[in-house]
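Q: give me a 3D structure for the following:
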Amino acid sequence: MKVPQHYTLVLGILLLCVACQPILAQQSTTSSSLPVSLSQALTLATSALSSSTLPADITLQASMQITAGGRNETATLNAAARGAAQSYEVVAGPYTQTSLVFSNGQAAINGIAASLELASTAQSPLYPAALLAAIATDPNTSGQVFGLEAVNGLQLLHFTTWSNSPSLPGNYLASFTQRDWWIDPSSGLLHKLVFQRRAAGGAIAPIRYEYEYVDFQNAGTLLVPSTVTLSLNGTPYAAIAINSVQLNTGLTDENFPVQ
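A: So this is what the prediction gives:
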């Protein structure tokens with residue numbers, strides 16, 4: 001018996017709808033489980049890197065392969081942090097010798113006090129657990145959750161943060177404190193961090209810092225990076241391999257001089 005053509009069309013549409021139901025249900029479930037607020041995104045990211053309170057201090061020793069400017073330079077990088085408000089990074093190589101110290105909102109670069117604008121993003125990204133904890137517990141933190149974005153073939157959750165600190169009139173430093181984060185939407189593990197550093201306002205050109213976290217290692221109740229890549233203004237600058245992690249070595253304020 002020949003089936004009328006319009007019946008065949010209706011049957012085909014019904015079968016297509018039935019087949020799509022599992023896919024639609026899966027997409028709906030995935031979307032509904034995503035963090036929809038900044039506090040949810042920060043909680044997911046911080047809990048992925050630390051299952052308890054931060055250690056009193058942490059010291060990292062790393063090797064750094066610098067490829068900027070066509071050169072191939074091997075340097076050592078020593079970094080440390082105390083709580084969620086102090087950090088330093090010291091790089092020593094044949095051509096590169098730099099130090100960056102951050103302490104309670106102030107910073108020093110190569111032993112010279114930095115501007116408040118530079119200090120706004122001076123806390124070390126090599127210890128993201130402390131950086132995220134500082135932002136998550138700051139009552140002046142604001143931001144926005146953008147949703148899923150494709151990064152290096154992965155679907156990552158993108159959100160941004162900045163500080164609405166009332167310490168300066170007009171919320172002047174808010175734009176200097178902005179950071180963009182990309183995390184795994186299921187585990188919360190950090191994959192990418194982007195921010196800009198500027199020495200001052202006005203026409204001063206910013207430098208865009210882009211950190212990609214390739215993998216992490218266990219350190220007690222923490223996850224700290226094993227391999228990090230750094231690009232400056234979109235150009236690959238260095239690959240960092242963290243080889244040693246020490247916790248609670250007794251660091252004090254004297255280890256983080258900013259004046």
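Q: surely G143 is in contact with L38?
A: Yes: the criterion here is C-beta atoms under 8 Å, and G143 meets it with L38 at 4.4 Å. The C-beta positions use only the backbone N, C-alpha and C, and glycine is treated the same way.
Q: what is in contact with the two at once?
A: Counting by C-beta atoms under 8 Å, 6 or more residues apart in numbering, the common neighbours of G143 and L38 are 159, 161.
Q: who has more neighbours, these two?
A: For G143 and L38, the more surrounded residue by other C-beta atoms under 10 Å is G143, and the numbers stand at 21 against 18.
Q: ok, and the closest non-adjacent residue to that one?
A: T161 (4.0 Å; C-beta to C-beta, 6 or more residues apart in numbering).
Q: for the residue nearest to the spatial centre of the chain, which non-adjacent residue is spatially closest?
A: Geometric centre of the chain, nearest residue: L193, 3.4 Å, by C-alpha atoms, centre = their mean. Closest residue in space to L193, ignoring its immediate chain neighbours: Y211 at 4.6 Å, by C-beta to C-beta, 6+ apart.
Q: can you give me how far the helix or strand containing the one you found is from the chain middle?
A: Per DSSP states H and E, Y211 falls inside strand 207-219. In this view, strand 207-219 has its centroid 7 Å away from the chain centroid, taken as C-alpha atoms, centre = their mean, to the nearest Å.
Q: quick one: buried residues of that strand?
A: Within strand 207-219, the residues that count as buried by 16 or more other C-beta atoms under 10 Å are 209-213, 216, 219.
Q: stretch 69-86 now?
A: Here stretch 69-86 shows 75, 77, 79-84, 86 as buried, counting by 16+ other C-beta under 10 Å.
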